[in-house]
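Trainee: Kindly generate the corresponding structure for this input.
(one chain, ligands or ions: 1)
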Amino acid sequence: MIPQSGIFEKIVKKHVSLPEVSSDDDEWFCNRLINEALLELDHHGKGPVHINIELYGTLTKFPTPSLPNARKISRIMERDSVDRWRSCAQKLSEKRRILLVYGQSFLPSDAELRALELFSQAFGCAVVSDNLSNLDCINHVPNVSASLDMASDEEKRALLPELVITFHGHALPSLQKFIRANSPAEHWHVTEDGAVVDQFKVLTNVFECSAEAFLKRLSEETNNATSAKAYFAEWKALVRGSSDIELQFSDLYAIKQLFACIPPNAALHLANSSCVRHAQLFELNRGVRIYCNRGTNGIDGSLSTAVGYAAASDGLTYIIIGDLSFFYDMNGIWNRHVSSKLRIMLTNNGGAGIFQYALGQKGLQTLNRNIAVAHTTSAKGWIESLGFKYLSARNEEELNRCLPELANEEATAPILLEVFTSMENDAAVLRKMLGKDGVKGTWSKIKRRLF
Ligand SMILES: Cc1ncc(C[n+]2csc(CCOP(=O)(O)OP(=O)(O)O)c2C)c(N)n1
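Mentor: As a prediction, this is how the structure comes out:
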């Protein structure tokens, strides 16, 4: 038989090939592919699409009496009719528990923020994000990952949304996991490229427009303005300040202390792995902008990204980076354009701390050698050979003495602060903070102390 997948590639707008369904995931995948293909029929011009259905064996029996209902995904364009937008606004005003998830983004414009505030008030939404969204507006629950990480399953279940609306890039795993586990009835995704991103498996609408256009258009189309704030208030009640929590010396402690010393208007880059997660657990000074080269969560490239950013920026650029990520990308600082305003905090816990946290309690003999790749390398020699100022800290006192130096804008050379901790202790401190150390009620104890 001739291969049929993609056979019409040159004459169709899109082709998809459906695998035979043998699990719920296969069924979901086929649903998404069929929706994507059908949506392409009249997307930026009309034309044919090819849906190839893979069949194995010979079909002789057709015992299914009727086809099941399938979830349809629609795409709404900015130029679509007033009636179409109005019916979306009508649908929104019937919902009471709308969760707006702001993913990773550069600074949202003032116009977008204004539109977001009007929208969230008109429809009584809760707006949640983690630090990567750089968001600051009313009805906003900031740092939501930290609160979700510390909440009980029961508390999370009580926040179940009816509709989730997503904007911009990545949301961190805590938020994604929460939405998947407490699956809403519907998900709308707003994206300028109109791509179908069905991350929660309940996508029904894709809005092909900017976040600002979506927010404005729907607020204008509603005359049902609500002052309901109940859902936002439920989320707000979950928020747990973590900046006052006492921590032992660890990578987590170093990040918490650094956050208090980063001046407003500085830029903070985060490498992937533990530091991007830890950095969601604390509040930053207002005006600090956060960046992270998330890519596909690779540990490569974050240092080079920060070096490039610092070279084109007038202000201080910080990066927090783990040791494996640093040594992976160390050539990024072997570069004649390194700004004297670059500040690197290298949390050197002698290996892949994230794996020690995830697997350390399983008693794996080979964990440190083969997975967490334990080592005793220091960045000192490399850093000094490149003309950086090198600082190091092995305890709280040394760390707190070094941190103010990083904020000195007049320094004539870039600075690297290497904070030495141990993977095992870092994992234990994190577990304790999140109440996952087997000690029941850790959060309640902290809460009693704090509030
Ligand atoms: C390019 C690439 N290779 C491998 C991985 C798998 N990986 C994820 S986290 C990690 C270890 C990171 O260790 P480190 O940078 O020291 O951070 P820590 O968690 O210890 O703070 C690795 C190897 C990856 N994400 N990207």
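
Trainee: which non-adjacent residue is nearest R401?
Mentor: A393 (7.7 Å; C-beta to C-beta, 6 or more residues apart in numbering). C-beta: built from backbone N, CA, C; applies to glycine.

Trainee: before we move on, what about L399?
Mentor: A393 (3.9 Å).

Trainee: Show me the beta-bridge partners of the one you found.
Mentor: V419 (DSSP bridges).

Trainee: Tell me the spacing between it and L92.
Mentor: According to C-beta to C-beta, to the nearest Å, A393 and L92 sit 51 Å apart.

Trainee: residues from this protein in reach of the ligand?
Mentor: Within reach of the ligand by C-beta under 6 Å from any ligand atom, the chain has these residues: 273-275, 297-300, 322-325, 347, 349, 352-354.

Trainee: Now do the SS call for L268.
Mentor: Secondary structure, DSSP: H, G, I helix; E, B strand; the rest coil: L268 is strand.

Trainee: Who are the contact partners of it?
Mentor: Going by C-beta atoms under 8 Å, 6 or more residues apart in numbering, L268 touches 262, 279, 284, 288-291, 317-320.

Trainee: partner residues bridging it?
Mentor: I290, Y318.

Trainee: tally of neighbours for Y56?
Mentor: Using other C-beta atoms under 10 Å, Y56 has 6 other residues around it.

Trainee: so where's the stretch 51-200 of the chain uncertain?
Mentor: Under the criterion pLDDT under 70, no range of the stretch 51-200 of the chain is flagged.

Trainee: Same question for the stretch 301-450 of the chain.
Mentor: For the stretch 301-450 of the chain (pLDDT under 70), the answer is 438-450.

Trainee: For it, give the residue positioned nearest to the ligand.
Mentor: G322 (2.4 Å; C-beta to the nearest ligand atom).

Trainee: show me what contacts that residue?
Mentor: Counted by C-beta under 8 Å, 6+ apart, G322 has contacts 251, 271, 273-275, 299, 346-349, 352-354.

Trainee: Just the ones of those residues in strands?
Mentor: Within those, residues falling in strands by DSSP state E are 346-348.

Trainee: For those, which entry has the maximal number of neighbours?
Mentor: T347 (29 neighbours).

Trainee: Hmm, I321 and that one touching each other?
Mentor: Yes: counting by C-beta atoms under 8 Å, T347 touches I321, with 7.3 Å between them.

Trainee: what do these two both touch?
Mentor: Shared contacts of T347 and I321, defined by C-beta under 8 Å, 6+ apart, are found at C275.

Trainee: How far does the lengthiest helix in the chain sit from its chain's centre?
Mentor: The helix that spans the most residues within the chain, counting by DSSP state H, is helix 24-40. Chain-centre distance of helix 24-40: 25 Å, with C-alpha atoms, centre = their mean, to the nearest Å.

Trainee: quick one: the strands in the stretch 351-451 of the chain?
Mentor: Assigned by DSSP state E, counting those that start in this stretch, the strands in the stretch 351-451 of the chain fall at 389-393, 415-420.

Trainee: Make JSON lines from the ones you listed and add mean neighbour count to it.
Mentor: What follows is the strands of the stretch 351-451 of the chain, written out as JSON lines (neighbours: other C-beta atoms under 10 Å):
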{"stretch": "strand 389-393", "mean neighbour count": "19"}
{"stretch": "strand 415-420", "mean neighbour count": "24"}
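
Trainee: Of all these, which one is nearest Y231?
Mentor: For Y231, the closest of the strands of the stretch 351-451 of the chain is strand 415-420, at 40.3 Å, according to C-beta to C-beta.

Trainee: what sits up against that closest one?
Mentor: So strand 415-420 is contacted by 251, 254, 342-350, 378-380, 383, 388-394, 399, 402-403, 405-406 (C-beta under 8 Å, 6+ apart).

Trainee: Narrow those residues to those that are buried.
Mentor: 251, 254, 342-350, 378-379, 383, 388-393, 399, 402-403, 406 (16 or more other C-beta atoms under 10 Å).

Trainee: show me the contacts for F119.
Mentor: Shown in contact with F119 (C-beta under 8 Å, 6+ apart): 100, 125, 215-216, 218-219.

Trainee: Any chance of a ChimeraX selection covering the buried ones in the residues you listed?
Mentor: Buried members of these, defined by 16+ other C-beta under 10 Å, are picked up in ChimeraX with:
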select :100,125,215,216,218,219
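
Trainee: Which parts of the stretch 1-150 of the chain are helices?
Mentor: Along the stretch 1-150 of the chain, counting by DSSP state H, counting those that start in this stretch, helices occupy 24-40, 82-93, 110-123, 144-150.

Trainee: ok, and which of those has the densest surroundings?
Mentor: Greatest average neighbour count among the helices of the stretch 1-150 of the chain goes to helix 144-150 (a mean of 25), per mean count of other C-beta atoms under 10 Å.

Trainee: With neighbour count as added columns, please give the contacts of L268 in a markdown table.
Mentor: Compiled in a markdown table, these are given as follows (neighbours: other C-beta under 10 Å):
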| residue | neighbour count |
| --- | --- |
| I262 | 22 |
| A279 | 27 |
| L284 | 21 |
| V288 | 19 |
| R289 | 16 |
| I290 | 21 |
| Y291 | 19 |
| T317 | 25 |
| Y318 | 27 |
| I319 | 28 |
| I320 | 30 |
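
Trainee: Let me have the residues you listed in TSV, extended by distance to H337.
Mentor: Putting the contacts of L268 into TSV (distance: C-beta to C-beta, whole Å) gives the following:
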residue	distance to H337
I262	23
A279	26
L284	27
V288	23
R289	21
I290	23
Y291	18
T317	12
Y318	18
I319	15
I320	21
